[in-house]
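Colleague: The sequence isn't on hand, but the structure is:
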């Protein structure tokens, strides 16, 4: 039963709402602010709860990955030699090779990888939100990242250091010549943090111009917006190798001799996930051990059938002179012969290095990344 | 009236639903529960992330900022200080951007209605090109194609040592102040008050006696005389500070002194102003066209010149229509200023990203950014709403 003047009653009601809405617009905004505050408050009080639901799910990464049938790896897409998207749509670089090595270890098939491009500023969020299983993206191992960010660094695959690149024709020979210079830095890197402290220590006044990515820096540097460009030497070498010919090509750039910082790069996994941590760590160490022992993709088949030493037999998961093989692979929850797949399909540390990093102009011999047998820092704990 | 009887009717859901009052309550409860569940779900999810505390803000920043405005953050100051410098950099963009975009928009909007064919077509070309392409691309183009193409400092475009334009930015002369500056400012304020009184007095005479008394010109002259005389009396409290090319280190050229406008800031500002100006132009045009044609005709009949018609009759009335959509454009400009991050102008998002890179804690940092933009936008809204009320007709 509707009143006869239904129409005007409705109109009145709308007017009444209108009055209320005016009031409630601000109420809603206030409520939104309150809600944010509540979320923040609710969560900041529960810092100790971090080992709750999230970590329980996270600690099964190995199971999750084996069940899923592929491993999801966060990589970089713009750094020649480490993680670079090729014109044909595939990824290449040392980090990418280690992603393939993981897939070979887990599934016996190096192609079972799904790559996710991780940006500098979102990489740890991707990892903690389990969007990726492992982060292999020229990520520097630092105490704050290891401790505060609920992540664990497994091993160092490349010992990098921050360097500075300048125009080859410039008179700058060392960092003390950079007084008054503008220096381009990539945002979202530890280099950004290092630069200020190192130049301040050297008493060099400078302006840092922080740009979003390598592409922007290339533009700014080529235009003379900045006199120098700082980054990890691995990255600088890669950028130098692909410096546009119309701007002078690689020969027109020079890397200064100083190394401003220690930048150990390597794969990162979530905290509290020891099974998965062990797998990632020992696949990396396995490639280093293979390098030390002289096992490579060419001879892995023969060495597997007739291992020349106990150490090689342990690495490849085969018996040595009729003895029992070690349970290296089985104890990781992998196939006993997983390292055969890794070395056969991807190669040992040296093969990976020569294929990815050497072409950008960073020789392995005599660098920190030489084997410990040759005076470098690449060293695998014994496999026994 | 629908009457509800206890018992059968209350269990009759159809009847309950047909009743407007209960229906409304049910819908409101449903919405409240839905929103509550959503908030709870988000809070619960957020708990899975790293901690959401804000303690990390007291840690030191350790990173420099290439540009600062009114702040003097240094890299060993706290992260909160860095974020504060970021806020000032954003405010610098927003304030200057809003002023310039409004001026450009009003000009282009009027130009689009010009009877001069070329002027109106040029204005149309500007509005339609800019309005229909993404701002991000425009900013990158301004930066890479315009500002990065400027000559290096050693070949800077200069004008008798007063300004230098190079790839490192535009350097303009500025003034530095000394001790008696405060006294001079006080005298200036007194001069301004005197000039205002003079203007009001001349204006009254003008109304009584008719004819133009050049009220503004006289007031301006008085103010200028006061300014110059007191400036000399207080011993020239302003020192010119002209930019200079300096060579440091190993042949490194830079410009120091004066006011520096960095190319990153210039590119973002230009991008924002030109983009927002195009939208404002449309709003101004719409506001003017919404006025009855009789207004222009009546003004013309009174013998007002074209300029007088525009400033005395048309614009004041159009303003009432223009302000609400103009507020939206100001808010858009504020939010779009975040695109500065792509070319490294250290505004809020840029500083936030750097903080995240240094210490993680992405969720609380983004929450801070969210809150900062909300407060900035609300401040603009409140101001514009007050302005809007002041220009509306009082009573009907």
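Modeller: Cool, the structure landed. Only a predicted model underlies this, so the values are computations on that prediction, with no experimental measurement involved.
Colleague: Let me know the helix or strand that residue A:146 is in.
Modeller: helix A:143-148 (DSSP states H and E).
Colleague: Show me what the next helix-or-strand element following that helix is packed against.
Modeller: Where DSSP H and E defines the elements, the next helix or strand beyond helix A:143-148 is strand A:151-153. The contact analysis (3 or more CB pairs under 8 Å, 6 or more residues apart in numbering or on different chains; DSSP states H and E) places strand A:151-153 against helix A:123-128, helix A:143-148, strand A:268-270. Placement of C-beta: from N, CA and C, glycine included.
Colleague: excluding its backbone neighbours, what's nearest residue A:379?
Modeller: residue A:372 (4.2 Å; CB to CB, 6 or more residues apart in numbering or on different chains).
Colleague: That neighbour reaches residue A:291, doesn't it?
Modeller: No - contact criterion CB atoms under 8 Å: residue A:372 and residue A:291 do not qualify, at 10.3 Å.
Colleague: circling back to that earlier point, contact partners for the residue nearest to residue A:379?
Modeller: Going by CB atoms under 8 Å, 6 or more residues apart in numbering or on different chains, residue A:372 touches A:292, A:378, A:379.
Colleague: The second one: how many residues sit nearby?
Modeller: Right, the one you point to is residue A:378. Residue A:378 has 25 neighbouring residues, counting by other CB atoms under 10 Å in any protein chain shown.
Colleague: what bridges to it?
Modeller: residue A:371 (DSSP bridges).
Colleague: Ok, residue A:183 next?
Modeller: Here residue A:183, judged by DSSP bridges, has bridge partners residue A:208, residue A:228.
Colleague: now stretch A:185-205: how far from the chain's centre is it?
Modeller: 21 Å (CA atoms, centre = their mean, to the nearest Å).
Colleague: try stretch B:229-240
Modeller: 33 Å.
Colleague: one step back: the helix holding residue A:146: which residues count as buried?
Modeller: By neighbour count, with 16 or more other CB atoms under 10 Å in any protein chain shown as the criterion, the buried positions of helix A:143-148 are A:145, A:148.
Colleague: Check which helices and strands that helix sits against.
Modeller: Checking 3+ CB pairs under 8 Å, 6+ apart, helix A:143-148 ends up next to strand A:151-153, helix B:348-359.
Colleague: can you give me phi and psi for the closest residue to residue B:161 other than its chain neighbours?
Modeller: Once flanking residues are discounted, residue B:161 sits nearest to residue B:242: 6.1 Å by CB to CB, 6+ apart. Per-residue torsions, residue B:242: phi -90, psi 140 (degrees, to the nearest 10).
Colleague: what's the span of stretch B:240-247 from first residue to last?
Modeller: This stretch, stretch B:240-247, spans 22 Å end to end (CA to CA, to the nearest Å).
Colleague: ok, residues contacting stretch A:215-231?
Modeller: Counting by CB under 8 Å, 6+ apart, A:78, A:162-167, A:170, A:172, A:178, A:181-186, A:189, A:191, A:195, A:209, A:211, A:236, A:239, A:243-244, A:247, A:256, A:260, B:144, B:148-149, B:152-153, B:167-168, B:252, B:263, B:342-344 sit against stretch A:215-231.
Colleague: Give the PyMOL command for selecting the buried subset of these.
Modeller: Burial among the contacts of stretch A:215-231 is assessed by 16+ other CB under 10 Å; the matching PyMOL selection reads:
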select buried, (chain A and resi 78+162+163+164+165+166+167+170+172+178+181+182+183+184+185+186+189+191+195+209+211+236+239+243+256+260) or (chain B and resi 144+148+153+167+168+252+263+342+343+344)
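Colleague: so after the helix or strand harbouring residue B:31, what's the next helix or strand?
Modeller: In the assignment (DSSP H and E), residue B:31 maps to helix B:20-48. Sequence-wise, the next helix or strand downstream of helix B:20-48 (DSSP H and E) is helix B:79-112.
Colleague: coming back round to it: could you redo the helices and strands packed on helix A:143-148 as JSON lines and give each row mean neighbour count and distance to residue B:78?
Modeller: Shown next, in JSON lines, are these (neighbours: other CB atoms under 10 Å in any protein chain shown; distance: least, CB to CB, whole Å):
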{"stretch": "strand A:151-153", "mean neighbour count": "21", "distance to residue B:78": "24"}
{"stretch": "helix B:348-359", "mean neighbour count": "25", "distance to residue B:78": "11"}
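Colleague: export these to JSON lines and tack on distance to residue A:302 and mean pLDDT?
Modeller: Output for the helices and strands packed on helix A:143-148, formatted as JSON lines (distance: least, CB to CB, whole Å; pLDDT from 0 to 100):
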{"stretch": "strand A:151-153", "distance to residue A:302": "35", "mean pLDDT": "93"}
{"stretch": "helix B:348-359", "distance to residue A:302": "47", "mean pLDDT": "85"}
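Colleague: Residue of chain B closest to chain A, please.
Modeller: Among the residues of chain B, residue B:248 lies closest to chain A, at 3.1 Å counting by CB to the nearest CB.
Colleague: Can you name every helix or strand that the helix holding residue B:31 contacts?
Modeller: helix A:6-44, helix B:13-18.
Colleague: Per-residue pLDDT of residue A:339, please?
Modeller: pLDDT, the model's per-residue confidence, is 95 for residue A:339.
Colleague: what's near enough to touch residue A:291?
Modeller: A:348, A:349, A:350, A:371, A:378.
Colleague: Number of residues surrounding residue B:63?
Modeller: A count of nearby residues for residue B:63, using other CB under 10 Å, gives 25.
Colleague: element containing residue A:351, please.
Modeller: Here residue A:351 is assigned to helix A:349-356, by DSSP H and E.
Colleague: That should have said residue B:317, apologies.
Modeller: According to DSSP H and E, residue B:317 maps onto helix B:315-336.
Colleague: returning to what we had before: I'd like the contacts of residue A:372 written out as CSV, with pLDDT added.
Modeller: Converted to CSV, the contacts of residue A:372 look like this (pLDDT from 0 to 100):
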residue, pLDDT
A:292, 95
A:378, 95
A:379, 94
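Colleague: Domain-wise, how is the chain divided?
Modeller: Went with chain A since none was named. A:58-159, A:162-261, A:274-367 (automatic domain parsing).
Colleague: you looked at the wrong chain, it should be chain B
Modeller: If you go by automatic domain parsing, chain B breaks into B:8-46, B:79-149+B:261-391, B:176-237.
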